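Visitor: Sequence and computational prediction follow.
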Protein chains: 2
Amino acid sequence: MNKHILPAILLILCSTFVSAQELANFMSRKPIVSPEFNGSEVIFRIKAPKAREVRIYGSWMPNYTDTTPLTEKEEGVWEATLTVPEPDIYTYHFIVDGITMSDAANILMQRDGTRYLSMLFVEGEKTANYREASQRGNLTKVWFDAPTLGMNRRMYVYTPYGYDQNKQKYPVLYLLHGGGGDEDAWSNMGRACQILDNLIEQGKAQPMIVVMPNGNPGQQAAKPLMLDEKSFDFQDPSTANLYIHSLVKDIVPYIEKHYRVVAKPSSRAVSGLSMGGGHTMSVANHYPGMFGYIAPMSMGIREGQEIDAQLQALKKAGYNLYWLACGDADFAYPGAKLLHEALERNGLEHTFHVTGGGHTWSNWRDYLNTLAPKLFR
Amino acid sequence: MNKHILPAILLILCSTFVSAQELANFMSRKPIVSPEFNGSEVIFRIKAPKAREVRIYGSWMPNYTDTTPLTEKEEGVWEATLTVPEPDIYTYHFIVDGITMSDAANILMQRDGTRYLSMLFVEGEKTANYREASQRGNLTKVWFDAPTLGMNRRMYVYTPYGYDQNKQKYPVLYLLHGGGGDEDAWSNMGRACQILDNLIEQGKAQPMIVVMPNGNPGQQAAKPLMLDEKSFDFQDPSTANLYIHSLVKDIVPYIEKHYRVVAKPSSRAVSGLSMGGGHTMSVANHYPGMFGYIAPMSMGIREGQEIDAQLQALKKAGYNLYWLACGDADFAYPGAKLLHEALERNGLEHTFHVTGGGHTWSNWRDYLNTLAPKLFR
């Protein structure tokens, strides 16, 4: 295209990252490729000429102590050839002489709260909807006023393919993240846009808007924005459930004013994982009749938690679907079972969707992929 | 807010990153804080109990070989206390026994092409507009059809604060990245949203839409999206300048159809750095009269490059501003000087904005901050 590209790249490299020696090395050798898929195997590589021990831990390994050693090959490049794990999205890191580090050769990275993790994407049936679809919706980082919290805040809003080409009104899924997450979590780790794009393109899910707010009521936005945070005393009854109230009083009205949406309960869904599953249950209980579709994931109630009166009110108000999902190896499973029993005891029609696995994004992505086709039917 | 937060965080940590031993360590000790500002000093820290040598390189150091050693303190934590560099945004990395790695304790990270770099934000007058303003515009990741390239592609579109609250029409700045970059570069490394938010809030810049396309014509979107890429033969005259044509025939019409914009030359600006500076000059030359504001940064022409006829056509078509910016230590400076001379020789009114510094984001952020107030006046 023009002659400036190569010197520009070299200079950018020089100016930000590599030493003169590294640049000389860079010019004289092949770049490290990692991870490299090769049939049923995947090869991980890292250049560490002075290392005494290099190991890898991947989230596909059953236990956190199940690291695998890499072997030193030519020119200080360490390598491990592993069997490709089952199709899914995983994270992994190297451990070089005891220091955990991400894979510098891998451009795929996820931010999980405060940490950045290298990502392994294994192709297969389970992950087909986690790739880009052909028809893709837009994602907007929206700033809105939240008077309930006294802050201007950020949320992510997904509008489905076609939204900008017609005058149609859409239903809305409010999709809530877990503890340690923020408004970025569902679109990044959760692949929410890809999942919805694919399901909508395949005709399996209704076209819908997906709203991904920040569920930490003291935050204006995710921490990398370096904005001041508020602290609320959640022991104080006047601030308890403040985020729930903001969701209903600030976020839903903003969306229903600024987007072409069907503003009625049967076109409003709320779902979330872990802390966001708690928010999902709470908002359904505090505002019965507000959301037609209620889908907490990986959460539950405590033994003896008084919820019957709220569930009776919810039953009376009515809803379209109550869908509770949890893995049987999830620490939240006993609580989820208690919620399932409370729903049953109170005669609330619902699905208790029990899978294998634990408190993981592997499950949450799968739950979203399973849930979305059931919404707004 | 609810009782699930702490176990959820611990379990997420367990499931993705730390070994049992690391978790035990994590529970028993203070987390590493790095970087830590302390008056005129900044302390960098990394836990590396088995390391023999730890050094740091930061982009504020004059030469790529100017690394500084860290010293081992308690419990394998290495530390270096440095003088805080001049206010700016920098990137840095540790070098542990010869391996470069980012700072795991630092949540601020930039993706520079294929690499992820730890970021140091030094407060001061120069960086005041790089922080979040109080009134913030939205950023949308937009998918659009580019028939000129035969692809559906992604661009980022910034709409200023207030855009969703009025019926006003806005001017548009098309802001182009450099070699190795993509549609993410200007909003991430370039802090384009923060700079525009601040300038608009201060009344120094006209409210404007900023369109940040992907300037690599073979890419549908940035590489982390794992989409197939096309390869074009740019030696073939029929594909030369294909991206320039797509900008004018695909991108401008999409924006003018889908956003409330003033669709006339005096409300269209184009600017870009390095490769994007080349694109800026090319699109101005190939489509004289299309853009009223033309602002290449860190680019120029070759000795003997024939450009006079194009510049005469541009002069005849007319424009509002031609603003060429370059650092005097930039490798592109001699070429920029040649372009300046060609503009002068052909009698095109322009500004040659020469600063110190080289081919760096430090300059490009500063140029955007200087340029934006001059647009659409």
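Guide: Received, thanks.

Visitor: Could you give the secondary structure assignment for the closest residue to chain B within the stretch 201-350 of chain A?
Guide: For the stretch 201-350 of chain A and chain B, the shortest gap (Cβ to the nearest Cβ) falls at residue A:278, measuring 3.8 Å. Yep, even glycine has a C-beta here, placed from its N, CA and C like the rest. At residue A:278 the chain is in helix, as set by DSSP: H, G, I helix; E, B strand; the rest coil.

Visitor: Would you mind giving me the confidence score for it?
Guide: Per-residue pLDDT puts residue A:278 at 97.

Visitor: now swap in residue A:21 and tell me
Guide: 51.

Visitor: picking up where we left off before, count of neighbours near the residue of the stretch 201-350 of chain A closest to chain B?
Guide: Residue A:278 has 29 neighbouring residues, counting by other Cβ atoms under 10 Å in any protein chain shown.

Visitor: Low-confidence stretches in chain A?
Guide: A:1-29 (pLDDT under 70).

Visitor: Do a quick rundown of the helices in it.
Guide: Per DSSP state H, chain A carries helices over the ranges A:5-16, A:20-28, A:185-188, A:192-201, A:242-246, A:252-258, A:275-286, A:308-317, A:333-345, A:361-371.

Visitor: Using CSV, write out the CA atom coordinates for the shortest one.
Guide: Spelled out, that is helix A:185-188. Output in CSV follows, covering the C-alpha atoms of helix A:185-188 (Å, rounded to 0.1, in the frame of the first residue of the first chain):
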residue,chain,number,x,y,z
ALA,A,185,-16.7,-9.7,31.1
TRP,A,186,-19.6,-11.1,29.1
SER,A,187,-18.5,-9.8,25.8
ASN,A,188,-14.8,-10.7,26.4
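
Visitor: Can that helix be said to contact chain B?
Guide: No. Contact between helix A:185-188 and chain B is absent, the nearest approach being 9.3 Å (criterion: Cβ under 8 Å from any Cβ of the partner chain).

Visitor: quick revisit: which one of the helices of chain A lies nearest to residue A:66?
Guide: helix A:361-371 (16.4 Å; Cβ to Cβ).

Visitor: Report the angle between the closest one and helix A:192-201.
Guide: With axes from the mean of the first three to the mean of the last three Cα atoms, to 10 degrees applied, the angle from helix A:361-371 to helix A:192-201 works out at 30 degrees.

Visitor: Now do the buried residues in helix A:361-371.
Guide: Neighbour counts over helix A:361-371 (16 or more other Cβ atoms under 10 Å in any protein chain shown) mark A:361, A:362, A:363, A:364, A:365, A:366, A:367, A:368, A:369, A:370, A:371 as buried.

Visitor: Need those residues in JSON lines (columns: distance to residue B:65).
Guide: Below are these laid out as JSON lines (distance: Cβ to Cβ, whole Å):
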{"residue": "A:361", "distance to residue B:65": "41"}
{"residue": "A:362", "distance to residue B:65": "44"}
{"residue": "A:363", "distance to residue B:65": "48"}
{"residue": "A:364", "distance to residue B:65": "46"}
{"residue": "A:365", "distance to residue B:65": "45"}
{"residue": "A:366", "distance to residue B:65": "49"}
{"residue": "A:367", "distance to residue B:65": "51"}
{"residue": "A:368", "distance to residue B:65": "49"}
{"residue": "A:369", "distance to residue B:65": "50"}
{"residue": "A:370", "distance to residue B:65": "55"}
{"residue": "A:371", "distance to residue B:65": "55"}
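
Visitor: of the residues you listed, list those near chain B.
Guide: Answer for the buried residues of helix A:361-371 near chain B: none qualify (Cβ under 8 Å from any Cβ).

Visitor: can you tell me which of those residues lies nearest to residue A:274?
Guide: residue A:364 (8.4 Å).

Visitor: Off-centre distance for stretch A:358-377?
Guide: 11 Å (Cα atoms, centre = their mean, to the nearest Å).

Visitor: Correction: the previous question concerned stretch A:233-248.
Guide: That offset, for stretch A:233-248, works out to 24 Å (Cα atoms, centre = their mean).

Visitor: do that stretch and chain B meet at all?
Guide: Yes. Remark: stretch A:233-248 sits within contact range of chain B at A:234, A:240, A:241, A:242, A:243, by Cβ under 8 Å from any Cβ.

Visitor: Make a PyMOL selection of the buried ones in those residues.
Guide: To isolate the buried subset of those in PyMOL, counting by 16+ other Cβ under 10 Å, use the following:
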select buried, chain A and resi 240+241+242+243
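
Visitor: could the residues of stretch A:233-248 next to chain B be laid out in TSV, adding distance to residue B:351?
Guide: Shown next, in TSV, are these (distance: Cβ to Cβ, whole Å):
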residue	distance to residue B:351
A:234	55
A:240	58
A:241	57
A:242	52
A:243	50
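
Visitor: of the residues of stretch A:233-248 next to chain B, closest to residue B:250?
Guide: Nearest to residue B:250 among the residues of stretch A:233-248 next to chain B, with distances taken as Cβ to Cβ, is residue A:243, at 41.8 Å.
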